[in-house]
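In: got a sequence here, can you model it:
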Amino acid sequence: MKKTLSVVLSSVMAAALFLPSNVTAAKYQEVEVTNGGTISGQITFTGKDPAPKTYTITKDTDTCGTGIREVDYVRVNDGALNNAVVYLKKVKKGKAWPKGVKDTEVNQKGCEFLPFLTVMANKGNLTAVNSDKVAHNIHTYELIGKVRKGKINVSQPKPGSITKKVKLKKGAGMKVECDQHDFMHSFVFVARNPYFAVVDQNGKYEIKDIPPGKYTVKTWHGTLKAKKKKKVEVTAGGATTVNFEYKK
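Out: A predicted model of the protein is given here:
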């Protein structure tokens, strides 16, 4: 009897090892939020604004243009950092995802990825559109600290589009490149919950309808290292200010 029980338990444990990881992973739950709180603030940049990186256009000049292409990886507007995202980490439940946010689209037009920064939900779909008459490809990398982990790499030999599901395990975003043209670059923020905001041109952001409770606020920028996370408590109908400062 003991031997039989041992075999059964061993079989159950072995089977558990092969269960999909999302079986035990907590999923975000959409619930009605009434009298939620708000977190807002600004991301600033002090010190000398890094100069854009320059690339020489050497192929497909009829479509891509000629000369030098500048890519401004760190855009600063009068002391305000642009192309950054502020988000709440590990929110289990709250407001519904806004329409049109779960999936996103990147357009390859004039040998440039448009927009430079886009957002989507984890496990959503990324559509890459080739609007040019030259070959492109979509090559994305999950950014995990200084590590780049390849995710999507699909050739697009003619005008058209491809759609791929995006599932990140650790990183909060992706770098997008074209192996055909080394001067094409953009970024995608991949959200785990709808509590995030892309800063405006003045570096300001606002996250609304947050259920009362304690939260961890973080920043994401495709090039700059994330600032130290900040912990805050949101009260019903309350407003909390959280600012971040990046330095050269």
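In: just the residues contacting stretch 156-170, thanks.
Out: 108, 120, 122-133, 135-138, 140, 142, 144, 151-152, 154, 174, 188, 190 (Cβ atoms under 8 Å, 6 or more residues apart in numbering). Every residue, glycine included, has its C-beta placed from N, CA and C.
In: send the alpha carbons of that stretch over as CSV?
Out: The C-alpha trace of stretch 156-170 is given here as CSV (Å, rounded to 0.1, in the frame of the first residue of the first chain):
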residue,chain,number,x,y,z
GLN,A,156,8.8,41.4,-45.1
PRO,A,157,10.0,41.4,-48.7
LYS,A,158,7.1,43.5,-50.1
PRO,A,159,4.4,45.9,-48.9
GLY,A,160,2.0,44.1,-46.5
SER,A,161,1.8,43.3,-42.9
ILE,A,162,2.5,40.5,-40.4
THR,A,163,1.0,39.9,-36.9
LYS,A,164,2.7,38.2,-34.1
LYS,A,165,1.7,37.5,-30.5
VAL,A,166,4.1,39.1,-27.9
LYS,A,167,4.7,37.3,-24.6
LEU,A,168,7.5,38.7,-22.4
LYS,A,169,8.6,36.9,-19.2
LYS,A,170,10.7,39.4,-17.4
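In: now that stretch: buried residues?
Out: Gln156, Val166, Leu168 (16 or more other Cβ atoms under 10 Å).
In: what does stretch 93-103 give?
Out: Gly94, Lys95, Lys102.
In: try stretch 74-93
Out: Applying 16+ other Cβ under 10 Å to stretch 74-93 flags 74-76, 80-88, 91 as buried.
In: now the end-to-end length of that stretch.
Out: 33 Å (Cα to Cα, to the nearest Å).
In: returning to what we had before: which among the contacts of stretch 156-170 count as buried?
Out: 108, 120, 122, 124, 126, 128-130, 132, 136-138, 140, 142, 151-152, 174, 188, 190.
In: which of those residues fall in strands?
Out: Among these, the members found in strands (DSSP state E) are 108, 120, 126, 128-130, 136-138, 140, 142, 151-152, 174, 188, 190.
In: which one among those residues gets closest to Gln201?
Out: Val188 (19.8 Å; Cβ to Cβ).
In: excluding chain neighbours, what is closest to that closest one?
Out: Met174 (4.6 Å; Cβ to Cβ, 6 or more residues apart in numbering).
In: show me the contacts for the one you found.
Out: Per Cβ under 8 Å, 6+ apart, neighbours of Met174: Thr140, Tyr141, Glu142, Leu143, Lys151, Val166, Leu168, Phe187, Val188, Val190.
In: same question for Ala197.
Out: Residues counted as contacts of Ala197 (Cβ under 8 Å, 6+ apart) are Val85, Val86, Tyr87, Tyr205, Glu206, Ile207.
In: repeat that for Gly124.
Out: Lys102, Asp103, Thr104, Lys165, Val166, Val190.
In: could you check how far Lys151 is from Ala96?
Out: Going from Lys151 to Ala96 by Cβ to Cβ, to the nearest Å gives 27 Å.
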